[in-house]
Each structure stands twice: as C-alpha cells, then as structure tokens.
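Trainee: How does the following fold in three dimensions:
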Amino acid sequence: MKRNNWMTMVPVMAVLLLLGNTAFAQEAADNSKGLIGIGAGLAIGIAALGGGLGQGNAARAAYESIARNPQAAGKINTPFFVGMALIESLVIYALVIAFFLQGKI
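Mentor: As a prediction, this is how the structure comes out:
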C-alpha cells in the first residue's frame, strides 16, 4: 500500500475504533469514563513523545556545537540544562493533567 493511503487510513481507523463503542452502547454515561481514560493516556503519551524528541534535538545541537568549539562548553552547558529542564517540565505538566483526568473516572 502506498504511504498516502496509510496516512488517510490510520486516522479513519482510529476514529472508528474510538467511536465504535458509542454506536452499541446502552448508556452514554459509562462511555464518557472510557473516553476520559483514553484522553489521559494520549495526554501523557504525546507529551512524552514530544519531550523526548525535543530533548534529543537539543542534546544533539549542544554536543555538535561543543564538538566544533570545545572551549565554549562552559557557556553552552548552562543554557542547555535550563532548556532541558523546561522541556521536562512540560512533560510533567502533562502527567499532572493525566492524573487529574484519571481522578474524574
């Protein structure tokens, strides 16, 4: 299958899998709890993925610049660690939001 077909099929399949239960559900109140759980899982999963990619790119750029100019390592390390802490704080915020969502189940 071509890549374009996969890019259109995956979101459609995800929507069908997520909303398939509502078509056969007897009570709508029970379904909302499942959707809150899915939202909590997606919140931390997407945040961890984005944080990991961001930290990887930041580390790569910092180490490449240190490799080019080793004398600048002291000037590069401080902003690098501050940036890493800020990226990680966004992932921790997503974790807190996921816990709040799980508390509503």
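Trainee: show me where pLDDT drops low in this structure?
Mentor: Where the chain drops to pLDDT under 70, the residues are 1-6, 16, 19-31.
Trainee: again, only this time at 50
Mentor: For the chain, applying pLDDT under 50 flags the ranges 1.
Trainee: could you measure the residue of it most remote from its centre against residue 65, distance?
Mentor: Ranking residues of the chain by C-alpha distance from their mean position (Cα atoms, centre = their mean) puts residue 71 at the top, at 35.3 Å. Using Cβ to Cβ, to the nearest Å, one gets 11 Å for the distance from residue 71 to residue 65. From N, CA and C alone the C-beta is placed, and that goes for glycine too.
Trainee: Now the helix or strand where residue 81 lies: buried residues?
Mentor: Under the criterion DSSP states H and E, the helix or strand holding residue 81 is helix 73-103. Of the residues in helix 73-103, those with enough neighbours to count as buried (16 or more other Cβ atoms under 10 Å) are 80, 83, 84, 87, 91, 94, 98, 101.
Trainee: show me what contacts the residue nearest to residue 55 when sequence neighbours are not counted?
Mentor: Using Cβ to Cβ, 6 or more residues apart in numbering and skipping residues adjacent in sequence, the residue nearest residue 55 is residue 87, 5.3 Å away. Going by Cβ atoms under 8 Å, 6 or more residues apart in numbering, residue 87 touches 51, 54, 55, 58.
Trainee: Distance from the chain centre to the helix or strand the first one falls within, please.
Mentor: Secondary structure assignment for residue 51, by DSSP H and E: helix 28-68. Helix 28-68 has its average C-alpha position 2 Å from the chain's average C-alpha position, going by Cα atoms, centre = their mean, to the nearest Å.
Trainee: Perfect, I'm done here.
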